[in-house]
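Asks: output the structure for:
(chains A and B)
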Amino acid sequence: MAILEVKNISKHFGGLKAVNDVSFQVQDGEIMGLIGPNGSGKTTIFNCINHYYTISSGDIVFKGKSIKGMKTHRICHLGIGRTFQVVKPLARLSVLDNVTASAFSRTHTIGEARKAAIKVLEFCNLIDQKDKLAKSLPIGGRKRLEIARALATKPDLMLLDETAAGLTPGELDEAIDLIKKMRDSGITILIVEHIMKVIMTISDRIHAINFGQTIGEGTPAEVANNPAVVKAYLGESYAHS
Amino acid sequence: MKKILSWTLFGIVLIAFPLLVSSGYYQHLVILALMWVIIGSSWNILAGYTGQVSFGHAMFFGIGAYTAGILVIHFEISAWWGMLFGGFISMLIGLFVGWVCFRLRGPYFALATLAGGEIFRLIATNWESFTQGMVGILIIQSFTSKLPYYYIVLCLAFFCILVIHLVMKSKWGYYFLSIREDQDAAESLGINTTLYKNLSLLISAFFTGMAGAFYMNYMAFIDPHVVFSLHYISIMAILVGIVGGVATIMGPAVGAFIMVGLQETFRSAFFGLAPQWTSQAHALVFGLLVIFVILFLPNGIVGDWSKIKRKVFRVKAAG
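Replies: Next up, the predicted model:
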């Protein structure tokens, strides 16, 4: 069953068509990758899904209901969590407070929120850092905090925006493990990623876009051999070899 | 334990103060300082904790004061009812201001509140049939002694700080801080940022309005240029917050005593010791103070207390 259906969405900024008639479905329980060269509209699609941007046309359906035009915080309560490519930690709060603030979306008492936050921090292997200020974390920790914060809202669908960018090889393996662990706990994942090691190893299916338009979809192997995708990434001369 | 003890001691000193110091002048100064504790703390919950800097808190102060005054002149109801009504009418106005101004972010919000404060000053000046314009409103004080006023404002200040303390320990508090740190991230965490910014504004407006109504009762005279003053109310509220410590519970309380003390020192030309220093000099000194605080104590006196202690201690050790 499709948990998220993106139906022919377009997003125009003046004359620029950042996203042009893109459609895809994310199935319940899978990890779906969204790839494309820089500026192809991946983050714009994320921003459309949780309504930082209002789509120009098309529809977005989550769990069978249209979420088009719904406020961002309502979408979060329905069960879509997201992380940001440019991390947005609540800088002057501690790691625990960051996640506690987010856990309040499912509870009203501070005791429960803190308990839920600690559970999430353990899940994300951040529990040792819980009393540090968010701004003092290195980039690896901040990316992890983004995930922890989104997890604390108990999402059914998680949008991960380049959570592996800027990580060391060791951190990369940890990030892959964490994403798999999330999937195993029952969360469907839509992930934008440039690092092929990550996207090719964890994705069940991949949707590729360029210049705001779909250029291919399929299993990682199919997409890697898709001439349009190869052309978009490597140029015309590699597309037929 | 040590903390509780020092707080109890502090409380006892404040309660006993007017009994020990019979001079009406000093009682008056502490009453003003306590009133500023309320205004500063209210400003702090909106600007310090929620990150929505207001340049127009005189608006809420003036509305509270005028509510109390108008109750007397038009409805012949005791101005003390204004303490309650002033708070609620301030909240009502706050709701409107929030509805308009929270579409704007950062400096634009601050400028909108600045304009809002001025608009209300002009309304109070020109709507003469209702507000008596520049003539102002004069009422008869309920008490000749300062003691009742002192204890009323002390209770109010305590209540205000307690409420803010409790709010900041709750879900609302976490949401306020999240909005301050990153509004977009806050939205993605399921926080209705518009709603919570408005809640913060309402709390802030309520207590500022109460302080305004208290001012009407205590001073017995108001006019638009005093209670809607950008200089003496709006800017002072910011100074109290910044000097004492933004986003700390006790910061505005400390700031209030310092600022009222400084203002009085200059207003009275160093208590008559240096008459050549005109009262206007305080604007200059306030400016210098703000520069000093921003450069050396960006978190205010309370926020940077450990830093102050360390510096002073080191100086002592060296000397």
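Asks: show me where pLDDT drops low in chain B?
Replies: Scanning chain B for pLDDT under 70 picks out B:1, B:269-280, B:315-319.
Asks: ok, which stretches of it are strands?
Replies: With DSSP state E, the ranges of strands along chain B come out as B:137-138, B:221-222.
Asks: tell me which of those sits nearest to A:Ala152.
Replies: Distances from A:Ala152 to each of these were compared by CB to CB, and the smallest falls on strand B:221-222, at 49.0 Å. Any C-beta I mention is one placed from the backbone N, CA and C, and that applies to glycine too.
Asks: check which helices and strands the closest one sits against.
Replies: Counting contacts by 3 or more CB pairs under 8 Å, 6 or more residues apart in numbering or on different chains; DSSP states H and E, strand B:221-222 is packed against helix B:58-75, strand B:137-138.
Asks: quick test: name the residue nearest the centre of chain A.
Replies: What sits nearest the mean C-alpha location of chain A, by CA atoms, centre = their mean, is A:Leu160, with 1.9 Å.
Asks: pretty sure that one is in a strand, no?
Replies: Yes - secondary structure assignment (DSSP: H, G, I helix; E, B strand; the rest coil) places A:Leu160 inside a strand.
Asks: you'd agree it is up against A:Leu178?
Replies: No - with contacts counted by CB atoms under 8 Å, A:Leu160 stays clear of A:Leu178, the gap being 10.0 Å.
Asks: now render the strands of chain B as TSV, adding mean neighbour count and distance to B:Arg310.
Replies: TSV is the format used below for the strands of chain B (neighbours: other CB atoms under 10 Å in any protein chain shown; distance: least, CB to CB, whole Å):
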stretch	mean neighbour count	distance to B:Arg310
strand B:137-138	18	50
strand B:221-222	18	45
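Asks: ok, which of those strands comes nearest B:Thr248?
Replies: With distances scored as CB to CB, the stretch of the strands of chain B nearest to B:Thr248 is strand B:221-222 (30.8 Å).
Asks: how about residues contacting the closest one?
Replies: Residues outside strand B:221-222 that contact it (CB atoms under 8 Å, 6 or more residues apart in numbering or on different chains): B:65-66, B:69, B:136-139, B:215-216.
Asks: may I ask which of these has the most neighbours?
Replies: When neighbours are counted by other CB atoms under 10 Å in any protein chain shown, B:Ala65 leads the contacts of strand B:221-222 with 33 neighbours.
Asks: for it, which non-adjacent residue is spatially closest?
Replies: B:Gly212 (3.9 Å; CB to CB, 6 or more residues apart in numbering or on different chains).
Asks: contacts only, for that neighbour.
Replies: B:Gly212 neighbours (CB under 8 Å, 6+ apart): B:60-68, B:86, B:90, B:227.
Asks: got it, and B:Thr248?
Replies: If you count contacts by CB under 8 Å, 6+ apart, B:Thr248 has them with B:44, B:48, B:299-300, B:302-303.
Asks: ok, now B:Gly64?
Replies: Contacts for B:Gly64 were tallied using CB under 8 Å, 6+ apart; they are B:82, B:86-87, B:89-90, B:208-216.
Asks: just A:Met182 next, same as before
Replies: For A:Met182, the contact set (CB under 8 Å, 6+ apart) comprises A:147, A:151, A:158, A:189.
Asks: repeat the analysis, applying 7 Å as the threshold.
Replies: Listed by CB atoms under 7 Å, 6 or more residues apart in numbering or on different chains, the contact set of A:Met182 reads A:158, A:189.
Asks: quick one: low-confidence ranges for chain A?
Replies: A:239-241.
Asks: residue boundaries of the strands in it?
Replies: If DSSP E is used as the criterion, the strands of chain A fall at A:2-13, A:16-27, A:31-35, A:57-62, A:65-66, A:80-82, A:157-161, A:188-192, A:205-210, A:213-218.
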